[in-house]
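1. Everything below, folded, please.
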Amino acid sequence: MLRYLIRRTLFLILVLWIISVLTFLIFVKLPAGDPARRAAGRRTNERIIAQARKNLGLDKPVIVQYARFAKGLIPWPGLFLNRQVYFSYSNYVPVKEELYQRLPITITLTVGAAVLWLLVGLPIGIISAVKPRSIADRASMIFALFGVSAPVFWLGLVLLYVFWFQLGWAAGSGIPAGETLWQAILKGRFILPWVALSLAFAAFYTRMVRGNLMEVLSEDYIRTARAKGLSERRVIFRHGLRSALTPVVTMFGMDVGLLLGGAIITETVFNLPGLGRYAIQGIRGSDFPAVMGVTVLGTFFIIVANLVVDVLYAFVDPRIQLS
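-> Alright, predicted model coming up:
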């Protein structure tokens with residue numbers, strides 16, 4: 001196990017470095033004009049533009065710019081004595097500070113939605129698989145069809161209109177200035193975003209669990225377990241569900257890793273200052289350092305999620321051995 005984790009960690013670092021280099025080169029070579037001229041404004045002279053280019057580090061060689069970009073993403077500020085980091089083109093704020101300031105909001109949104117879609121999707125999928133062609137099965141399929149078909153941006157606006165504007169049962173969008181993240185959570189400002197983000201995933205997991213569990217329950221070893229006199233509950237949860245959850249673990253790790261890179265639509269609809277909204281602002285304003293930072297950070301979360309999923313396989317399925 002230890003050798004496997006070391007090998008995968010080294011591979012993670014290599015992949016992350018390759019992605020960071022490719023991301024940096026792609027955005028640096030984009031023909032999008034002079035960032036220094038855009039940062040300095042239209043009515044400025046060449047001296048101010050040159051000073052802006054120097055402040056942004058655009059007068060340095062490409063390898064030096066990449067080094068500043070890479071150092072700007074490292075979470076330990078004392079690791080390098082040089083305080084120069086990669087700055088945003090729009091407000092001259094280090095990209096690292098923006099990322100770490102917005103990351104807790106994205107983590108809160110992702111974790112809350114993940115817990116919600118697991119609590120909803122897994123039980124409905126199990127009930128639907130155990131009682132096929134029943135009323136519960138048909139109702140679950142209607143729920144799955146609606147959840148998969150409803151776009152997040154439409155569902156978010158509907159939830160805001162009904163539960164905030166019309167009924168006043170839930171808090172509105174955004175986090176007011178001066179309000180901490182914990183205060184926003186306790187006041188219920190994440191309830192509607194959690195519901196809007198989790199519905200499609202819950203519907204998808206319902207269909208996945210139903211299909212996988214129905215297939216597993218038709219296997220020979222399940223019939224053997226029933227012939228031995230085991231209770232139906234033990235057959236389903238001890239033998240059937242454990243094998244049916246293997247692809248669910250894969251998808252859950254990938255989904256959480258992807259959302260940690262920024263739930264762009266949900267954060268935009270509910271005006272949450274997370275990584276996804278930061279990326280959208282960077283794209284609209286041609287703020288390439290911001291987009292590059294979110295891209296590399298999202299890649300990191302996806303790679304780590306893959307590693308965690310591979311380790312969990314050994315606990316979910318005893319047939320899998322890590323070596």
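2. Tell me where the stretch 151-300 of the chain has helices.
-> Using DSSP state H, counting those that start in this stretch, the helices assigned to the stretch 151-300 of the chain run over residues 152-159, 181-186, 191-217, 220-227, 232-234, 241-244, 246-260, 264-269, 275-284, 288-316.
3. okay, now the domains of the chain?
-> 32-86, 96-316 (automatic domain parsing).
4. in the protein, which helix or strand is least confident?
-> helix 35-40 (a mean of 68; mean pLDDT, DSSP states H and E).
5. related to what we said a few turns ago, can I get the helices of the stretch 151-300 of the chain in a markdown table including mean neighbour count?
-> Glycine gets a C-beta too; all of them are placed from N, C-alpha and C. As requested, the helices of the stretch 151-300 of the chain are exported to a markdown table (neighbours: other Cβ atoms under 10 Å):
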| stretch | mean neighbour count |
| --- | --- |
| helix 152-159 | 17 |
| helix 181-186 | 13 |
| helix 191-217 | 22 |
| helix 220-227 | 13 |
| helix 232-234 | 11 |
| helix 241-244 | 20 |
| helix 246-260 | 19 |
| helix 264-269 | 22 |
| helix 275-284 | 21 |
| helix 288-316 | 20 |
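6. do you know which of those helices lies nearest V111?
-> Nearest to V111 among the helices of the stretch 151-300 of the chain is helix 246-260 (8.0 Å), distances taken as Cβ to Cβ.
7. what packs against that closest one?
-> helix 95-130, helix 191-217, helix 288-316 (3 or more Cβ pairs under 8 Å, 6 or more residues apart in numbering; DSSP states H and E).
8. check contacts around the residue most central in space within the chain.
-> Compute the mean C-alpha point of the chain, and by Cα atoms, centre = their mean the closest residue is L259, 1.3 Å away. L259 makes contact with T106, L109, T110, A113, A114, L197, according to Cβ atoms under 8 Å, 6 or more residues apart in numbering.
9. farthest pair in those residues?
-> Farthest-apart pair in those is T106 and A114; separation 12.1 Å (Cβ to Cβ).
10. Which one's more surrounded, the two?
-> Set T106 next to A114 and count neighbours by other Cβ atoms under 10 Å: T106 wins out with 28 against 19.
11. Please name the residues that touch that one.
-> By Cβ under 8 Å, 6+ apart, the contact list for T106 reads L259, L260, G261, G262, A263, E267, G274, L275, G276.
12. do the same with N45
-> Not one residue lies near N45 by Cβ under 8 Å, 6+ apart.
13. Can you get me a residue count around the closest residue in space to F24 that isn't next to it in sequence?
-> Leaving aside its sequence neighbours, F24 sits nearest to Y66 (Cβ to Cβ, 6 or more residues apart in numbering; 5.1 Å). Counted by other Cβ under 10 Å, the residues lying close to Y66 total 17.
14. can I assume Y66 is in contact with W17?
-> No. Using Cβ atoms under 8 Å, Y66 makes no contact with W17, being 10.5 Å away.
15. between the helices of the stretch 151-300 of the chain, which one is nearest to K71?
-> Using Cβ to Cβ, the nearest of the helices of the stretch 151-300 of the chain to K71 is helix 288-316, at 12.0 Å.
16. can you give me the angle the closest one makes with helix 275-284?
-> Put simply, helix 288-316 runs at 150 degrees to helix 275-284, going by axes from the mean of the first three to the mean of the last three Cα atoms, to 10 degrees.
17. Give the rounded mean pLDDT of helix 288-316.
-> Mean pLDDT, helix 288-316: 82.
18. could you say what helices and strands it packs with?
-> Partner elements for helix 288-316 (3+ Cβ pairs under 8 Å, 6+ apart): helix 2-28, helix 95-130, helix 246-260, helix 275-284.
19. Next up, the contacts around S198.
-> Contacts of S198 by Cβ under 8 Å, 6+ apart are A113, A114, L116, W117, V120.
20. Pull the number of nearby residues for the third one.
-> L116 has 18 neighbouring residues, counting by other Cβ under 10 Å.
21. mind checking how far it is from S218?
-> L116 is 30 Å from S218, where distance means Cβ to Cβ, to the nearest Å.
22. Show me where this structure dips below the pLDDT cut-off.
-> Along the chain, the model assigns pLDDT under 70 to residues 1, 29-35, 37-44, 72-85, 314-323.
23. quick revisit: could you export the contacts of L259 to TSV, including columns for distance to Y92?
-> What follows is those, written out as TSV (distance: Cβ to Cβ, whole Å):
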residue	distance to Y92
T106	23
L109	28
T110	29
A113	33
A114	35
L197	32
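24. Out of these, the closest to M251 would be?
-> A114 (11.4 Å).
25. Spatially nearest residue to the closest one, not counting backbone neighbours?
-> Nearest to A114 is V256, by Cβ to Cβ, 6+ apart, at 5.4 Å.
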